[in-house]
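Trainee: Predicted model and sequence below, questions to follow.
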Amino acid sequence: MNEMKKIEIEIENAIYKIIPKNITEKYINENINNNFYKYDNNAINKALFLPIRDLLERGGKRWRPKLFLLFLDCFGLQKKAIETYFDISAIIEIIHNGTLLTDDIEDDANLRRGKPCIHKMYGNDIAINAGSAMYFLPLKLIEKTHISDKQKNRLYKAYVDEMNNLSFGQAIDIFWHKNNIIPNIKEYLQMCLCKTGALSSMAVRFASILAKKQKEEEMLFSKAIGHLGVGFQIQDDILDIVSKNRDNFGKVYGNDITEGKKTLMIIHTYEVANNNDKNKLISILDKHTKNKDEIDDAIKLLNKYDAINFAKNQARKIAKNAWNEIDIVLKKSKAKQELKNFFDYLIEREI
């Protein structure tokens, strides 16, 4: 078994410490502080942990916890020390999946990772509650980690900061596609920095705190890795258009067109297109269509104005600038080269 596979297994084990297959009295006593009468464990299993585990067990790239662990390595922590923080890596992944669950409800999406979305299977009520729980349940793992109170307080602050950023970014994104607003490129990049960059920033801030970095260093890395998250989002939007393997990608063809999302490709096309093409594109987006011919027409317009290549080049530029910011402060090491390879993978990946 290679090292990366071992790490993936440890991340999974950490996730299921806080999201167990079956709730027990021991779990209740360790994680709930008002066990005065009698919990209906079966209800909690069926209405909370089952839908959460359903989503988590569908897989995913798990790149945010891997990024966290890579940075611990880059910061010079020894292997045994890094292994003590697998539980912290799980926090970021559980929260990320909580955002996906909530996002799918907000978009009334049908598919997530090749299967019906959680709200389609269990209902909106159960899905909303499960998504909310995924933002807070993992914080118990911080409480149980053997670190100083000062470090715990810094971790909680980083969590609050980035969750606020995430909520602001999501609000902006929803407002745009509900109200048929085309932002400019800077506004779009700021939205991505908040929405997608938040959890990658959380990952590196957590690593910085556990490695006992000063606040200034923590925020330097946070800024750079937040921008990596922007590049990742741009690439994800590109894959929504060009990916031929829909089962592996896990979303239906042209999902962002159907949702009317204002991606970088849409914004670029809108800015450079002639009036007829501009109006046609907006008309398709406003319909929130699932008609394949109309989705194809929108994608043809993106191709006509070379929007995919434009977005790809922007993602590469953003990732390169992010890497340059941390390249000068990280010491040369095997871990640093692995981190650079990781950067490249996130931006150049294909499905």
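Mentor: Alright, I've got the coordinates. Computed from a predicted structure; not experimentally measured.
Trainee: Please report how far G197 lies from L339.
Mentor: Relative to L339, G197 is positioned 17 Å away (CB to CB, to the nearest Å). Placement of C-beta: from N, CA and C, glycine included.
Trainee: between the two, who's got more neighbours?
Mentor: For G197 versus L339, neighbours defined as other CB atoms under 10 Å are more numerous around G197 (29 against 20).
Trainee: Surely the more buried one touches H227?
Mentor: Yes - under the criterion of CB atoms under 8 Å, G197 makes contact with H227 at 6.6 Å.
Trainee: Mind naming the longest helix for the chain?
Mentor: In terms of residue count, the longest helix belonging to the chain (DSSP state H) is helix 149-178.
Trainee: Next secondary structure after it?
Mentor: For helix 149-178, the following helix or strand on the C-terminal side (DSSP states H and E) is helix 185-195.
Trainee: and that following helix, what does it pack onto?
Mentor: helix 149-178, helix 215-242, helix 264-272 (3 or more CB pairs under 8 Å, 6 or more residues apart in numbering; DSSP states H and E).
Trainee: Mean confidence (pLDDT) on the shortest one, please.
Mentor: Translated: helix 264-272. The pLDDT scores in helix 264-272 average 96.
Trainee: gap between that helix and the chain center?
Mentor: 24 Å (CA atoms, centre = their mean, to the nearest Å).
Trainee: Going forward, count from 51.
Mentor: Yep, numbering from 51; the last one is helix 314-322 now.
Trainee: Spatially central, which residue of the protein would that be?
Mentor: H146 (4.8 Å; CA atoms, centre = their mean).
Trainee: these two touch, right, that one and L249?
Mentor: Yes - using CB under 8 Å, H146 makes contact with L249 at a distance of 5.3 Å.
Trainee: what touches both of these two?
Mentor: R114 (CB atoms under 8 Å, 6 or more residues apart in numbering).
Trainee: Could you pull up the residues touching the nearest residue to L314 once chain neighbours are set aside?
Mentor: Nearest non-adjacent residue to L314, counting by CB to CB, 6 or more residues apart in numbering: A361, 4.6 Å away. Counting by CB under 8 Å, 6+ apart, A361 makes contact with 284, 287-288, 313-315, 318.
Trainee: which residues in this structure form strands?
Mentor: 161-162, 165-166 (DSSP state E).
Trainee: thinking again about what came up before, and the longest helix of the chain, what other elements does it pack with?
Mentor: Checking 3+ CB pairs under 8 Å, 6+ apart, helix 199-228 ends up next to helix 136-157, helix 190-193, helix 235-245, helix 247-260.
Trainee: Out of those, which gets nearest to I78?
Mentor: helix 190-193 (12.2 Å; CB to CB).
Trainee: In TSV, list the helices and strands packed on helix 199-228 along with distance to N353 and mean pLDDT.
Mentor: Output for the helices and strands packed on helix 199-228, formatted as TSV (distance: least, CB to CB, whole Å; pLDDT from 0 to 100):
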stretch	distance to N353	mean pLDDT
helix 136-157	25	94
helix 190-193	45	91
helix 235-245	19	96
helix 247-260	28	96
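Trainee: can you put those in CSV and add distance to N215?
Mentor: Shown next, in CSV, are the helices and strands packed on helix 199-228 (distance: least, CB to CB, whole Å):
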stretch, distance to N215
helix 136-157, 12
helix 190-193, 19
helix 235-245, 4
helix 247-260, 4
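Trainee: just the ones you listed: most buried one?
Mentor: Mean neighbour count, computed with mean count of other CB atoms under 10 Å, is highest for helix 247-260 among the helices and strands packed on helix 199-228, reaching a mean of 27.
Trainee: any idea which residue of the protein is furthest from its center?
Mentor: Max distance from the centre of the chain (CA atoms, centre = their mean): Y87, 37.7 Å.
Trainee: Looking at it now. What's its pLDDT?
Mentor: 87.
Trainee: With N371 instead?
Mentor: 92.
Trainee: How about residues contacting stretch 331-350?
Mentor: Residues outside stretch 331-350 that contact it (CB under 8 Å, 6+ apart) are 227, 230, 232, 291, 303-304, 307-310, 312, 316, 319-320, 323, 330, 351.
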